[in-house]
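**Q** could you look at this predicted model? Sequence included:
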Amino acid sequence: MAEKYIYWFEELGKEHNDLVGKKCANLGEMSKLGLPVPPGFAISIDGYKYFLEETNALKEIKSYLKELKRGIENLDVLNEASSEIRQIVESKEMPEPLKKMILSSYEKLCHRCEMNDVAVATRSAGPVSHPGQYETYLNVKGKIDLLEKVKKVWASTFNPRSLAFRHRKGFPLESDPIGVAVLKMVKARSAGVVFTADPNTGDTSKIILEANWGLGESVVSGELMPDKYILEKQSLEIYEKRLGTKHRYIACKDIGICEEETPSFMKDSFCLKEEELKEIGKLAKTLE
């Protein structure tokens, strides 16, 4: 197999959007800017296509969809189709050439991080952004777990909302090629999101941050009220800050993650310090 399916972030830039997906391309662009991006690599969109074709999963998916008697607009049928197709994808063995590429890259990442089995995050990276549509797996550890989670990310392109989206838009149901980002897991004390303009008003003189204790999934899910900070973009001084309820947070286990109830003293405390806010603001301005 002469094709190259693995790319380190530092090899990539925004021009590689259609090769590895937008998220991976942007991580590469951020690496070139010297921003503190966790080390990692991208499995290309062609890697997804190769897996489905080489394992005959694509042929089986097409056959299943062809034999589907009832319209897919029915919710029960949609859920059943999703379950059946995901089982097809997840049951396949990783083709040996691709398996060697992924595991070799993982070994190099472990070496770079000076760890035997570095914990990683596996995230989907489509050529077009679909926030929240595909699945992410956090604190993945070891070769077997990594291969399984990569397949699960690919299989998530057949979840009910993704099938419904493609059906509604008239896109092919049997495939939706994506890249996968595999990057060193950051076991964060606090995490969140930052905007270099107010997303509600468009005010470009402010930087907006929202954060919670633990990993950032609790913030991006929208299931709780995080701490909110507003900075003056020019001076990075705090313009306003509001304490969130933060009743739950996401933490790392030995492998994988779990949701925990936030202790009272953490609920009542801001999760970011002033010096941290200014440093995040500096990085956000550089990226902007």
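**A** It's in.

**Q** strands of this protein, start to end?
**A** Using DSSP state E, the strands of the chain run over 6-8, 40-43, 120-125, 137-140, 179-184, 190-195, 206-213, 227-232, 238-242, 248-252, 257-261.

**Q** looking at these, which is buried most?
**A** Ranked by mean neighbour count, the strands of the chain are led by strand 40-43 with a mean of 28 (mean count of other Cβ atoms under 10 Å). In short, each C-beta sits where N, CA and C put it, glycine included.

**Q** residues touching it, excluding its own?
**A** Contacts of strand 40-43 with the rest of the structure, by Cβ atoms under 8 Å, 6 or more residues apart in numbering, involve 5-9, 12, 20-21, 24, 27-28, 102, 105, 109, 120, 125, 150, 179-184.

**Q** name the strands paired with it and say parallel or antiparallel.
**A** strand 6-8 (antiparallel), strand 179-184 (antiparallel) (DSSP bridges).

**Q** L163: which of the strands of the chain is closest?
**A** strand 120-125 (15.2 Å; Cβ to Cβ).

**Q** still on that earlier bit, K92 is nearest to which of the strands paired with strand 40-43?
**A** Closest to K92 of the strands paired with strand 40-43 is strand 179-184 (Cβ to Cβ; 15.4 Å).

**Q** closest to the centroid, which residue in this protein?
**A** By Cα atoms, centre = their mean, the chain has its centre lying nearest to R123, at 3.0 Å.

**Q** show me the shaky parts of the stretch 1-150 of the chain.
**A** Along the stretch 1-150 of the chain, segments meeting pLDDT under 70 span 1-2, 69-71, 73, 130-132.

**Q** can you give me the helices for it?
**A** Remark: helices assigned in the stretch 1-150 of the chain by DSSP state H, counting those that start in this stretch are 17-20, 22-32, 45-54, 57-67, 75-90, 96-112, 143-155.

**Q** hang on, the earlier thing: so which of the strands of the chain is nearest N79?
**A** Proximity to N79 (Cβ to Cβ) singles out strand 120-125 among the strands of the chain, at 20.4 Å.

**Q** direction included, what does that closest one pair up with?
**A** If you go by DSSP bridges, strand 120-125 pairs up with strand 137-140 (antiparallel), strand 179-184 (antiparallel).

**Q** these: which one's closest to Q87?
**A** strand 137-140 (17.5 Å).

**Q** right, and the helices of the stretch 1-150 of the chain - which one's nearest P199?
**A** Set against P199 and scored by Cβ to Cβ, the helices of the stretch 1-150 of the chain come closest in helix 22-32, at 18.0 Å.

**Q** how about residues contacting the closest one?
**A** 7, 9-17, 19-20, 37, 40, 42, 123-129, 179-181, 183, 287.

**Q** stretch 106-115 too?
**A** Here stretch 106-115 makes contact (Cβ under 8 Å, 6+ apart) with 39-41, 116-118, 120, 143, 146, 182, 184.

**Q** now with 7 Å, please.
**A** Applying Cβ atoms under 7 Å, 6 or more residues apart in numbering, the external contacts of stretch 106-115 come out as 39-41, 116-118, 143, 146, 184.
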